[in-house]
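Trainee: Need the 3D shape of this:
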Amino acid sequence: MPSTMSGKVVLITGAARGIGAQTARELARRGARLSLTGLEPDELKAVTAELGDGHTWFEADVTDPDSLQAAIDGTVAAHGRIDVVIANAGIAPFGTVQNGDPHAFTKTIDVNINGVFHTARLALPHVIEQRGYVLVVSSLSAFAPMGGMAAYTASKAGAEALASALSSEVAHLGVAVGSAHPSWIDTDLVRDAKADLPSFREMRKRLPWPMHATTTVEKCAIAFADAVERRSRRVYVPRPVMLMHWLRNLPASKLVARIMAPSLRKIMPEMEREVAALGRSFSARNQALQGTPKQAPRGK
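Mentor: Residues are numbered from 1 along each chain as shown. The predicted structure is shown next:
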């Protein structure tokens with residue numbers, strides 16, 4: 001049976017590597033025409049070449065509306081329309097609220113929430129014209145908050161809420177909006193955190209099922225592509241993450257707090273020491289890409 005994606009134009013932010021790049025590969029396999037955006041031109045060019053003819057890429061920063069608008073305009077000029085937008089660009093810093101870098105926190109909010117807002121707002125005129133679909137990449141973390149990930153958790157919860165509000169705003173225009181909630185996906189972002197912070201590895205091991213599950217990026221991309229084809233309201237990767245959505249108050253409950261307390265009493269101070277020793281709040285790759293300053297002294 002022919003794919004419903006055949007000939008559809010899909011714009012993906014944060015598409016140079018990881019989930020964005022693999023989702024592009026999967027959608028191209030289903031016949032879609034891809035427009036890839038991100039901060040790494042060499043990687044974007046390589047992924048686009050791998051996809052074959054009929055695809056485009058644009059260097060764009062989701063926190064910069066002008067560069068994002070140029071990418072959207074370029075997509076429409078090249079392909080004639082935009083049917084689907086996947087707001088995938090995201091970052092995840094290290095550190096606790098007490099000792100974390102405030103610059104890293106605000107940068108995460110800027111990319112993970114403001115970036116979704118800019119992406120959706122600027123692309124919507126074209127998506128409305130096609131009665132298309134917007135997929136906002138949130139996270140399991142939106143409803144299963146974890147210590148040491150306050151900035152990421154807050155931003156992804158905000159992204160989920162933004163997707164829900166947007167869904168109600170544009171449904172009457174024939175546009176569907178979904179939010180994606182992956183758990184741990186085997187990407188550079190997760191591997192870099194594991195390499196930088198032994199405490200992060202230890203905390204992940206102690207999380208209850210399904211919060212500790214790791215999924216391949218290939219399986220995640222298939223789930224995302226399926227969601228695009230079905231215009232899904234929500235997509236969970238892996239599927240059991242759906243249980244955490246239904247039980248979204250459980251991770252913050254007294255029961256889970258009691259279970260995790262002995263581990264966190266040891267792990268949180270270890271994480272704070274490790275982040276301080278690193279002298280940065282992001283992976284080395286993201287630190288360079290985002291142009292973020294070195295960690296600010298506590299209290300600044």
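Trainee: Output the helix or strand encompassing T153 as PDB, restricted to C-alpha atoms.
Mentor: Element membership of T153 [criterion: DSSP states H and E] is helix 150-170. Output for helix 150-170, consisting of C-alpha atoms alone and laid out as PDB, is shown next (Å, rounded to 0.1, in the frame of the first residue of the first chain):
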ATOM      1  CA  ALA A 150      15.000  20.600  36.300                       C
ATOM      2  CA  ALA A 151      15.700  22.800  33.200                       C
ATOM      3  CA  TYR A 152      15.000  20.000  30.800                       C
ATOM      4  CA  THR A 153      11.900  18.800  32.700                       C
ATOM      5  CA  ALA A 154      10.400  22.300  32.900                       C
ATOM      6  CA  SER A 155      11.100  23.100  29.300                       C
ATOM      7  CA  LYS A 156       9.600  19.800  28.000                       C
ATOM      8  CA  ALA A 157       6.500  20.200  30.300                       C
ATOM      9  CA  GLY A 158       6.100  23.600  28.700                       C
ATOM     10  CA  ALA A 159       6.500  22.200  25.200                       C
ATOM     11  CA  GLU A 160       3.800  19.600  26.000                       C
ATOM     12  CA  ALA A 161       1.400  22.400  27.300                       C
ATOM     13  CA  LEU A 162       2.200  24.500  24.300                       C
ATOM     14  CA  ALA A 163       1.300  21.700  21.900                       C
ATOM     15  CA  SER A 164      -2.000  21.100  23.800                       C
ATOM     16  CA  ALA A 165      -2.900  24.800  23.600                       C
ATOM     17  CA  LEU A 166      -2.000  25.000  19.900                       C
ATOM     18  CA  SER A 167      -4.000  21.900  19.200                       C
ATOM     19  CA  SER A 168      -7.200  23.600  20.400                       C
ATOM     20  CA  GLU A 169      -6.300  26.800  18.600                       C
ATOM     21  CA  VAL A 170      -6.000  25.300  15.100                       C
END
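Trainee: which helices and strands sit right next to that helix?
Mentor: For helix 150-170, the helices and strands in contact under the criterion 3 or more CB pairs under 8 Å, 6 or more residues apart in numbering; DSSP states H and E are helix 102-109, helix 115-129, strand 133-137, strand 176-182. No exception for glycine: its C-beta is placed from N, CA and C like everyone else's.
Trainee: Phi and psi next, for the closest residue to Y152 other than its chain neighbours.
Mentor: Of all residues beyond its chain neighbours, the one nearest Y152 is A92 (4.4 Å), with distances taken as CB to CB, 6 or more residues apart in numbering. In terms of degrees, to the nearest 10, the main-chain angles of A92 are phi -140, psi 110.
Trainee: Number of residues surrounding A92?
Mentor: 24 (other CB atoms under 10 Å).
Trainee: How about the one 3 residues further on?
Mentor: The burial count assigned to G95 is 26, neighbours taken as other CB under 10 Å.
Trainee: Surely it touches L278?
Mentor: No. Judged on CB atoms under 8 Å, G95 makes no contact with L278 at a distance of 9.6 Å.
Trainee: for R81, what are its contacts?
Mentor: Shown in contact with R81 (CB atoms under 8 Å, 6 or more residues apart in numbering): 9, 126, 129-130.
Trainee: Just say helix, strand or coil for the residue nearest to A15 when sequence neighbours are not counted.
Mentor: Distances taken as CB to CB, 6+ apart put L36 closest to A15, at 3.7 Å, once the chain neighbours are dropped. State at L36, reduced to three classes by DSSP: H, G, I helix; E, B strand; the rest coil: strand.
Trainee: what's the spacing between L36 and T214?
Mentor: Computed as CB to CB, to the nearest Å, the L36 to T214 distance reads 25 Å.
Trainee: neighbour-wise, which of those two wins?
Mentor: Neighbours around L36 and T214, counted as other CB under 10 Å, are more numerous at L36. The numbers are 28 against 11.
Trainee: What's opposite that one in the beta bridge?
Mentor: For L36, the beta-bridge partners under DSSP bridges are I12, W57.
Trainee: Quick check: it touching E43?
Mentor: No. L36 lies out of contact with E43 (CB under 8 Å); the separation is 9.2 Å.
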